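S.K.: Next comes the sequence, and after it the predicted model I'd like to discuss.
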Amino acid sequence: MALQYDFTNMLAPACPGGLPADTITAAQPAFVAALADVTGRRAAGTLGFPELPRDVALRSALQADALASRDAIDDVILCGIGGSALGPNMLRSALCPPRWNELDRAARGGWPRLHVMDNVDPVSMAALFDRLDLRRSRVLVISKSGGTAETMSQYLVVREKLQQLGADWPATVLRFVTDPVKGVLRAIAQTDGIITYDIPPSVGGRFSVLTPVGLAPAAFIGIDIDALCAGAAAMALRCEHPDLAQNPAGVFAVLQQRHDQLNHRSIHVLMPYADALRDVAAWFVQLWAESLGKVLPGGGHVGPTPLPALGATDQHAQVQNFMEGPPDKTVTFISVDAFDRDIMIPALHADYPDLAYLGGNTIGALLDAERRATAGALASNGRPNGVLRIPRVDPHHLGELIMLFEFATAYAGALYGIDAYDQPGVELGKHFTYGIFGRPGFEADRTRFEQLAQPDPRCMV
């Protein structure tokens, strides 16, 4: 069974606030243009994520490194931020048993723990190093440019600790994931003999989970990266179909973009109904926001705001707003047909009807009933929603989900008429940071920041 996208409640008449029932047919010409944009970028060699599942040699090299290291290490530490951290976090939480890092070695099947340093909070970083033995670790430093201030600061802290252990330890412990030719990490690797894996130049950070950015940490903790990429490859074929009605990524992109542009539904909620998929929503938020929040070439601004939620938890937090707040949202649920484990609800307290009705059902059935009930309630109140159905949470189907969202983002960018692959809105903050810290070449940015950022005493309480 393959992933399916049920968009019944994104359309009228199932949802009174839905798009017209003929939307998919009417959008075919616009989708053809979006498909041509994506196809053209692929042909030009500037859009590489669809090709990633084909790299068998890379996966073999990663698996060999992971197996050779397995018995010698207890921990994998990832230095990264943004796309370099969100993807690995998603893979671990979705494809490893719950609370992976709390399990003993036997329960982990002999594989190491994975610690993702996805920020530069000094308290968290110090606490991590207080309890780890770097001599029994592998440290993955992930930065395509080799200039990301957060990642490189993490690296420098680790590097000093390794050098204190002895001259041989950096080359033993460190692995770099970076640009194949340029950047400071590439230069250090060549000088110090550090094993390095390439991020293809045609793949941006938020599209990079199926490069060594995600595959290296996944391989080091025993995830089946072959099955992950097989699922992605299968979905890529579906997402290349020229008929919109048969293209799940195209349908997702068209419906989200048209609800935004025509119905002013600019907040796009992703709400998985499985704890294992919680971090899929966090990963999607970066993919959708950083790709689609842009200034139009002729002026003006576009871009939906993605919002993560978790079912059924957020039925008791955010769903009140989804139901009766401003009608500015679409909701996409992710459902799981079969959980790896389920629990029968005991048939107790037969004399209390408010409890007795639960007995004899399963926890998994309750969770799915909650999802179906929420979807129906939203639709009846004119709030559009759809559901991505996956048969189970496993590497193959997560690979399908990843590839669907990446293709959908590419098509949505073309539909909005923007470049979905750059992030100019992030650059000024980076430049100000470089200037504040005195990085050569950013003196003018420091001066500009100091002129802009003087606090006004009248604005303090």
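M.R.: That came through fine.

S.K.: Please count neighbours and contacts with C-alpha atoms only from this point.
M.R.: Noted.

S.K.: those strands in the stretch 301-450 of the chain, which residues are they?
M.R.: Taking DSSP state E, counting those that start in this stretch to define them, one finds strands in the stretch 301-450 of the chain at 301-302, 305-308, 329-336, 385-390.

S.K.: How about the secondary structure of His115?
M.R.: Following DSSP: H, G, I helix; E, B strand; the rest coil, we place His115 in the strand state.

S.K.: give me every residue that touches Gln286.
M.R.: Going by CA atoms under 8 Å, 6 or more residues apart in numbering, Gln286 touches 82-83, 206.

S.K.: Out of those, which end up buried?
M.R.: For these, a burial check counting by 16 or more other CA atoms under 10 Å picks out 83, 206.

S.K.: Helices of the stretch 101-250 of the chain, start to end?
M.R.: With DSSP state H, counting those that start in this stretch, the ranges of helices along the stretch 101-250 of the chain come out as 122-131, 149-165, 169-173, 184-192, 212-220, 225-239, 248-263.

S.K.: Make JSON lines from those helices and add mean neighbour count to it.
M.R.: JSON lines is the format used below for the helices of the stretch 101-250 of the chain (neighbours: other CA atoms under 10 Å):
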{"stretch": "helix 122-131", "mean neighbour count": "11"}
{"stretch": "helix 149-165", "mean neighbour count": "16"}
{"stretch": "helix 169-173", "mean neighbour count": "19"}
{"stretch": "helix 184-192", "mean neighbour count": "15"}
{"stretch": "helix 212-220", "mean neighbour count": "26"}
{"stretch": "helix 225-239", "mean neighbour count": "22"}
{"stretch": "helix 248-263", "mean neighbour count": "22"}
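
S.K.: For Gly429, which of those is the nearest?
M.R.: Of all the helices of the stretch 101-250 of the chain, it is helix 149-165 that lies closest to Gly429, at 11.4 Å by CA to CA.

S.K.: In terms of secondary structure, what does that closest one contact?
M.R.: Contact here means 3 or more CA pairs under 8 Å, 6 or more residues apart in numbering; DSSP states H and E; on that basis helix 149-165 packs against strand 75-79, strand 137-142, helix 169-173.

S.K.: Quick one: residues in contact with that helix.
M.R.: 79-81, 117, 119-120, 134, 141-143, 146, 169-170, 434.

S.K.: for stretch 423-430, same thing?
M.R.: Residues from elsewhere that reach stretch 423-430 (CA under 8 Å, 6+ apart): 290-291, 294.

S.K.: from those, which ones fall inside helices?
M.R.: 290-291 (DSSP state H).

S.K.: And Ala167, how far from Lys161?
M.R.: 11 Å (CA to CA, to the nearest Å).

S.K.: residues contacting Phe333?
M.R.: Residues near Phe333 by CA under 8 Å, 6+ apart: 270-273, 371, 385-388.

S.K.: number of nearby residues for the spatially closest residue to Leu277 that is not a sequence neighbour?
M.R.: Distances taken as CA to CA, 6 or more residues apart in numbering put Ala94 closest to Leu277, at 5.5 Å, once the chain neighbours are dropped. Counted with other CA atoms under 10 Å, residues neighbouring Ala94 total 21.

S.K.: you'd agree Ala94 is in a strand?
M.R.: No. Ala94: not assigned to a strand; according to three-state DSSP it is helix.

S.K.: Model confidence for it, exactly?
M.R.: In this model, Ala94 is scored at 98, pLDDT.

S.K.: Over to the one 10 residues further on?
M.R.: Reading off the per-residue confidence, Asp104 sits at a pLDDT of 97.

S.K.: do the same with Asp118
M.R.: Confidence score, pLDDT, at Asp118: 92.

S.K.: Go ahead and confirm it touches Gly87.
M.R.: No. Using CA atoms under 8 Å, Asp118 is not in contact with Gly87, being 10.8 Å away.

S.K.: Pick out whichever of these two has more residues nearby.
M.R.: The neighbour comparison of Asp118 against Gly87 (other CA under 10 Å) goes to Gly87, with 27 against 20.

S.K.: I'd guessed that one sits against Gly214; true?
M.R.: Yes. Contact criterion CA under 8 Å: Gly87 and Gly214 qualify, at 5.8 Å.

S.K.: Overlap of the contact sets of those two?
M.R.: In contact with both Gly87 and Gly214: Ser208, using CA under 8 Å, 6+ apart.

S.K.: number of nearby residues for the residue lying closest to Val251 once chain neighbours are set aside?
M.R.: Spatial nearest neighbour of Val251, excluding adjacent residues (CA to CA, 6+ apart): Leu244 at 6.3 Å. By the criterion of other CA under 10 Å, Leu244 has 23 neighbours.

S.K.: quick one: contacts for the closest residue to Met403 other than its chain neighbours?
M.R.: With CA to CA, 6+ apart as the criterion, Met403 has its nearest non-adjacent residue at 5.3 Å, and that residue is Ala232. Residues counted as contacts of Ala232 (CA under 8 Å, 6+ apart) are 53, 396, 398-403.

S.K.: Could you chop the protein up by domain?
M.R.: 4-40+228-416, 49-223 (automatic domain parsing).

S.K.: could I get whichever helix in the chain runs longest in CSV with only the CA atoms?
M.R.: Determined from DSSP H, the single longest helix within the chain is helix 395-416. Extracted in CSV, the C-alpha atoms of helix 395-416 (Å, rounded to 0.1, in the frame of the first residue of the first chain):
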residue,chain,number,x,y,z
PRO,A,395,11.3,3.9,6.3
HIS,A,396,9.5,3.3,3.0
HIS,A,397,6.4,5.3,3.8
LEU,A,398,8.4,8.1,5.5
GLY,A,399,10.5,8.3,2.3
GLU,A,400,7.2,8.7,0.3
LEU,A,401,6.1,11.5,2.6
ILE,A,402,9.4,13.4,2.4
MET,A,403,9.4,13.3,-1.4
LEU,A,404,5.8,14.3,-1.7
PHE,A,405,6.4,17.4,0.5
GLU,A,406,9.5,18.4,-1.4
PHE,A,407,7.8,18.1,-4.8
ALA,A,408,4.8,20.0,-3.5
THR,A,409,7.0,22.8,-2.3
ALA,A,410,8.7,23.0,-5.7
TYR,A,411,5.3,23.1,-7.5
ALA,A,412,3.9,25.7,-5.0
GLY,A,413,6.9,27.9,-5.6
ALA,A,414,6.2,27.9,-9.3
LEU,A,415,2.5,28.5,-8.7
TYR,A,416,3.2,31.5,-6.5
